[in-house]
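*Asks:* Next comes the sequence, and after it the predicted model I'd like to discuss.
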Amino acid sequence: MTTATYLTANIAYGFGGMDRLGCSLRHQLHIHGWGALTYKVFPSFRGRTARLSAAKRTKHVREHGNLGSTLGMVERAQPDLLVLNEVIYEFYREELEHSLQQMGFRSIAWGLSTHYPGTSLSTLVASKEPGIPIPCVMPQRPCMGGGAGMAGLRLLDTSRAVFGVHLTYRSPALFTRQLEYIVQTAAAEQSRGQRVILGGDWNESSHTVIRAANFKSLSLISAALMEPATCPTFLPKSFRKPLDHIFIPSYWQSISSNAIEFGSDHLALAVEVRENEFTHEVNGISTVTSGT
């Protein structure tokens, strides 16, 4: 058996100061338009979000994007598997891939969103062992609260499949469709003998995800020892919600978990797990397998 550290983080477009309410609101307006102000009250009102021009969005990202705090946090945490959400692919791909390779990550997969031209709010999965990307086409809605990308890696040395996900917020019908797709994709990997890890910004509590009838079929559990309230960091702890989670096979053991501040409106979540082998008995004979 081995131990490994997994980390998931929503990097809030790579902007600094997103853990402060005023700064966060200003950046949200420059990404999503004026609809960001009404979304909390009227989540179905999305017309204004699409009218902000691509030129204005890209100009704002070019002036304010900074991955320093994110990369510093990842370097300190030293994860073996990494999921990053709300990554603007067009601006950060080269810097992220170069920096992660310098940290020892050997395989990287991207899940591109269908949000706004020139500013795809996407998902990245990276591993320090060799792997190949798993194609993912999770249903999305190209606007604020619609969720973002899903990315997967099939790891070649340890029969693991890791997925990074970013689900919708306050859209139950779309959440159900997204969760059904995630379960279907994860189950396909399990049928290949892969041990599945799911991490990311779920925009729901871990209990809500686990209680979903279709999710139960995966036999996964939350890797966090205690569910941390990860978002939004600019509010007092009593008002935050547990939105970011990592799910692992039920026969693995959680060793430690830690929520990390790094300037985002989300806390990052790092967990250390012991990857136990799965043992079952047939006619009194114990058999060990790496499958789920």
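*Replies:* Sure thing, it's come through.
*Asks:* Buried ones in stretch 116-136, by neighbour count?
*Replies:* By 16 or more other Cβ atoms under 10 Å, the buried positions in stretch 116-136 come out as 116, 118-129, 131, 134, 136. From N, CA and C alone the C-beta is placed, and that goes for glycine too.
*Asks:* if we take those residues, which one ends up nearest to residue 192?
*Replies:* Distance to residue 192, by Cβ to Cβ, is smallest for residue 134 among the buried residues of stretch 116-136, at 10.3 Å.
*Asks:* does the closest one really touch residue 161, like I thought?
*Replies:* Yes. Assessed by Cβ atoms under 8 Å, residue 134 is found in contact with residue 161 at 6.5 Å.
*Asks:* Find the residues that touch each one of those two.
*Replies:* Common contact partners of residue 134 and residue 161 (Cβ atoms under 8 Å, 6 or more residues apart in numbering): 152-154, 189.
*Asks:* What about those residues, which are in strands?
*Replies:* Members of those lying in strands (criterion: DSSP state E): 152-154.
*Asks:* quick one on the thing from earlier: of the shared contacts of residue 134 and residue 161, which pair is most distant in space?
*Replies:* The widest separation within those (Cβ to Cβ) is 10.3 Å, between 153 and 189.
*Asks:* Quickly list what's touching both of those two.
*Replies:* 134, 161.
*Asks:* now the helices for the stretch 51-200 of the chain?
*Replies:* Ranges of helices within the stretch 51-200 of the chain are 54-64, 68-77, 89-102, 172-191, based on DSSP state H, counting those that start in this stretch.
*Asks:* Next, the contact list for residue 69, please.
*Replies:* Per Cβ under 8 Å, 6+ apart, neighbours of residue 69: 16, 262-264.
*Asks:* Could you do residue 206 as well?
*Replies:* Counted by Cβ under 8 Å, 6+ apart, residue 206 has contacts 222, 224, 227, 242, 245, 247.
*Asks:* and the second one, that one's in a helix?
*Replies:* No. Assignment of residue 224 by DSSP: H, G, I helix; E, B strand; the rest coil gives coil, placing it outside any helix.
*Asks:* now it, nearest residue through space, not along the chain?
*Replies:* residue 257 (4.2 Å; Cβ to Cβ, 6 or more residues apart in numbering).
*Asks:* Name the residues linked to that neighbour by a beta bridge.
*Replies:* residue 271 (DSSP bridges).
*Asks:* tell me which residues form a beta bridge with the closest residue to residue 132 other than its chain neighbours?
*Replies:* Spatial nearest neighbour of residue 132, excluding adjacent residues (Cβ to Cβ, 6+ apart): residue 154 at 5.3 Å. On the basis of DSSP bridges, residue 154 is bridged to residue 132, residue 161.
*Asks:* wait, residue 154 sits on residue 194?
*Replies:* Yes. Taking Cβ under 8 Å as the definition, residue 154 is a contact partner of residue 194 at 6.6 Å.
*Asks:* any residues in contact with both of the two?
*Replies:* Counting by Cβ under 8 Å, 6+ apart, the common neighbours of residue 154 and residue 194 are residue 161.
*Asks:* Neighbour count for residue 153 and residue 189, which is higher?
*Replies:* residue 153 (24 against 21; other Cβ atoms under 10 Å).
*Asks:* Roughly how far does the more buried one sit from residue 35?
*Replies:* From residue 153 over to residue 35 the distance is 34 Å, taken as Cβ to Cβ, to the nearest Å.
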